[in-house]
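[1] What follows is a predicted protein model with its sequence.
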Amino acid sequence: MRANDQSPFFRPLRDLLESAFGPGPLLHRALEHVAGVEAVAIFGSFAQRLADLPGPPPADVDVLVVGSPELRAVYDACLQVAREVDRPVNPTVFSLQKWRSDDVFVNQVRSGSLVPILGQQILGDQAELTATAPGLW
């Protein structure tokens, strides 16, 4: 059985389920109390699908973490979320200075789809433009 993505109910139901049970709220709960985390966003193919960009279903969830957290705490939190969503959750950690720099990879992440989870003011205006998933978390 497959979902009928042409149904007028598909998008609203998908958004509701993602908002309540998807990686967004799980990442929010898992990372909001990790010391040193200033911002979190989903990027990559998972964020692109949430922005209704065409492509295959994502195999993993790419997570941007901005700040200076203990890496072990971030990886442990993402592993916990990965178990719940039954797909790999891959964190990429940038210091605040690196996030604000003109680094090539940072610019690539910034120019793609971003779904803010925490610290939208740090992520900047681009996150506002590409955040299409409902922000219930």
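    Everything's here; your move.

[2] Against Ala3, how distant is Val65?
    Distance, Val65 to Ala3, using CB to CB, to the nearest Å: 31 Å. Quick note: C-beta positions are derived from backbone N, CA and C, even for glycine.

[3] Compare these two and say which is more crowded by neighbours.
    Val65 (27 against 10; other CB atoms under 10 Å).

[4] Helix, strand, or coil at the more buried one?
    strand (DSSP: H, G, I helix; E, B strand; the rest coil).

[5] Would you quantify the distance from it to Ser95?
    Counting by CB to CB, the gap from Val65 to Ser95 is 10 Å.

[6] Any idea how many residues pack against the nearest residue to Ala35 once chain neighbours are set aside?
    Computed as CB to CB, 6 or more residues apart in numbering, the closest residue to Ala35 that is not its neighbour in sequence is Pro69, at 6.3 Å. Neighbourhood size, Pro69 [other CB under 10 Å]: 19.

[7] for Val115, same thing?
    27.

[8] Pull up the per-residue confidence for it.
    Model confidence at Val115, given as pLDDT, is 92.
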